[in-house]
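Asks: I need the structure of the sequence given here:
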Amino acid sequence: MLFSHAQNTLAWDALAFTEVLMTQPMMVVIGGKPGAFGAYRDGMEAYGRSTASKDRQLVLLDDWSHYDIYDKPEPVAMALERMVPFLKQHLAA
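Replies: Next comes the predicted model:
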């Protein structure tokens, strides 16, 4: 990475237009154990700022971290239990 572009990269805000762009149904799944990289904070912010969405849901998996949700069977099953019906409802043809 060129040093001259570092400022643009570090200043990038992934949630900058959340209030305007997130109008579709949205489900945010986060682990309840905050980690070192801000996934919990970012998930809560994305959910909180997506007020234009007519159907938004927050799934908080209390005893799990962000990284546990990737590959540990129990939290993955808990997330899918909520996600599958949500996706079937909103992606039905």
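
Asks: what about residue 42, how many residues close to it?
Replies: As a burial measure, residue 42 scores 15 neighbours (other Cβ atoms under 10 Å). For glycine as for every other residue, the C-beta is placed from the backbone atoms N, C-alpha and C.

Asks: show me what counts as buried in the helix with the most length in the chain.
Replies: Assignment by DSSP state H gives helix 73-91 as the longest helix of the chain. Neighbour counts using 16 or more other Cβ atoms under 10 Å place 75, 76, 78, 79, 86 of helix 73-91 among the buried residues.

Asks: where do the helices sit along the chain?
Replies: 6-11, 18-21, 39-49, 68-71, 73-91.

Asks: what does the longest one contact?
Replies: When contacts are taken as Cβ atoms under 8 Å, 6 or more residues apart in numbering, the neighbours of helix 73-91 outside the stretch itself are 24-25, 27, 29, 31, 55, 57, 59, 61, 64, 68-70.

Asks: now do the contacts for residue 33.
Replies: 40, 63, 64, 65, 66, 68.

Asks: which among those residues count as buried?
Replies: Buried among these (16+ other Cβ under 10 Å): 40, 64, 65, 66, 68.

Asks: okay, these in a markdown table with distance to residue 15 and pLDDT next?
Replies: Listed next are those as a markdown table, based on distance: Cβ to Cβ, whole Å; pLDDT from 0 to 100:
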| residue | distance to residue 15 | pLDDT |
| --- | --- | --- |
| 40 | 14 | 92 |
| 64 | 23 | 96 |
| 65 | 21 | 93 |
| 66 | 16 | 91 |
| 68 | 23 | 93 |
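
Asks: farthest-separated two in those?
Replies: Distances among the buried ones among the contacts of residue 33 were taken as Cβ to Cβ; the most separated pair is 40 and 68, at 12.0 Å.

Asks: what bits of the protein have low per-residue confidence?
Replies: By pLDDT under 70, the low-scoring segments of the chain are 1-10, 93.

Asks: repeat that for 80
Replies: For the chain, the stretches with pLDDT under 80 are 1-12, 92-93.

Asks: so what strands line up beside the longest strand anywhere in it?
Replies: Determined from DSSP state E, the single longest strand within the chain is strand 56-65. The pairing partners recorded for strand 56-65 under DSSP bridges are strand 26-33 (parallel).
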